[in-house]
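[1] Quick one, fold the following:
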Amino acid sequence: MLRSRFNMPSHEELVKRMDAIPDHVLRECPVCHSTFFSLRAGSSKTCPNCGYGFRITAKRRAKITFDSFDEIDKQMTIPKQYTDEKYLAKVKKAKKVTGINESVLTGIGTLDKQQVGVGIMDPFFVMGSLGSATGEKITRLFEEATRKKLPVIMFTASGGARMQEGIHSLMQMAKVSGAVEEHSKAGLFYAVVLCDPTTGGVTASFAMQGDVILAEPHALVGFAGRRVIEQTIMQKPPKDFQSAGTVMAHGFIDAIVPRKEMKQTLSRLISLHTKENGYGK
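    Take a look at the predicted model:
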């Protein structure tokens, strides 16, 4: 009676209408599972209900975070020694999607007229995995920042080491860590922002070596995946044990900062840790 009076559509009609909605008009948050119009996520691409920061490309993050950004080592990509066709096809697709040649974008940026070395991992480039060229780009970034006496900001978003490159991928952990150490010995500041997700060999190396470690709300932060952990310890870990909030509660993260406040927070940190202001190491 009510349906006929108000001419309400049936369930089947509603399903058809939902199917007719163009892609990307509506979006569902993977954390709070709310559905909203994509435009409400704004330029920062965050959930309007819980503040979760959706995964974004490295180029977009550079645009919304820094006043200017000059890329370095732009042409660097996977070494020619890798010839597996499936791997090459995956890398080719990643280049097209992200607009960069490796899983990290590096360069020199400015924040409120302050120069800073910048590294931004791209979760859309083979899951932001740490390959030979990725490690080389990050190492060169720290070496350049050390020469120019610049602080470094690193945004991590990675599934860990790139298994297609075997031991060469794992070796990048030590190589980058050595460059981070030299940068630190020079009395220079290093800040890390953990984005969703930060896992594996990246977590086990430079993602946890910052002088200050920040994270975006609800970012997944861990080493091994849940399934591996469950099979190893033969029990189920808590549901949120790898969320940024839980990791912060156990002392591995200094602060959780919403994406909309990240630029201001990083600018303040850089200012406080500049020797000219009396706050250098």
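
[2] Residue 158 reaches residue 198, doesn't it?
    Yes - between residue 158 and residue 198 there is a contact at 6.2 Å, judged by CB atoms under 8 Å. All C-beta spots, glycine's among them, are computed from the backbone N, C-alpha and C.

[3] And the longest helix anywhere in the chain, how far out from the chain middle?
    Longest helix in the chain, counting residues (DSSP state H): helix 166-185. Centroid separation for helix 166-185 versus its chain: 18 Å, with CA atoms, centre = their mean, to the nearest Å.

[4] Send over that helix as CSV, restricted to the C-alpha atoms.
    What follows is helix 166-185 as a C-alpha-only set of coordinates in CSV (Å, rounded to 0.1, in the frame of the first residue of the first chain):
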residue,chain,number,x,y,z
GLY,A,166,65.0,-11.6,-5.1
ILE,A,167,68.0,-10.9,-2.9
HIS,A,168,68.7,-7.7,-4.8
SER,A,169,65.5,-6.3,-3.4
LEU,A,170,66.3,-7.3,0.2
MET,A,171,69.8,-5.7,-0.1
GLN,A,172,68.2,-2.3,-0.5
MET,A,173,67.2,-2.3,3.2
ALA,A,174,70.8,-2.2,4.2
LYS,A,175,71.9,0.2,1.5
VAL,A,176,69.2,2.8,2.3
SER,A,177,69.8,2.4,6.1
GLY,A,178,73.5,3.2,5.5
ALA,A,179,72.5,6.5,3.7
VAL,A,180,70.1,7.4,6.5
GLU,A,181,72.8,6.9,9.1
GLU,A,182,75.2,9.2,7.2
HIS,A,183,72.5,11.8,6.9
SER,A,184,71.9,11.5,10.7
LYS,A,185,75.7,11.7,11.5
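
[5] Show me which positions of it end up buried.
    168-173, 175-177, 179-180, 183-184 (16 or more other CB atoms under 10 Å).
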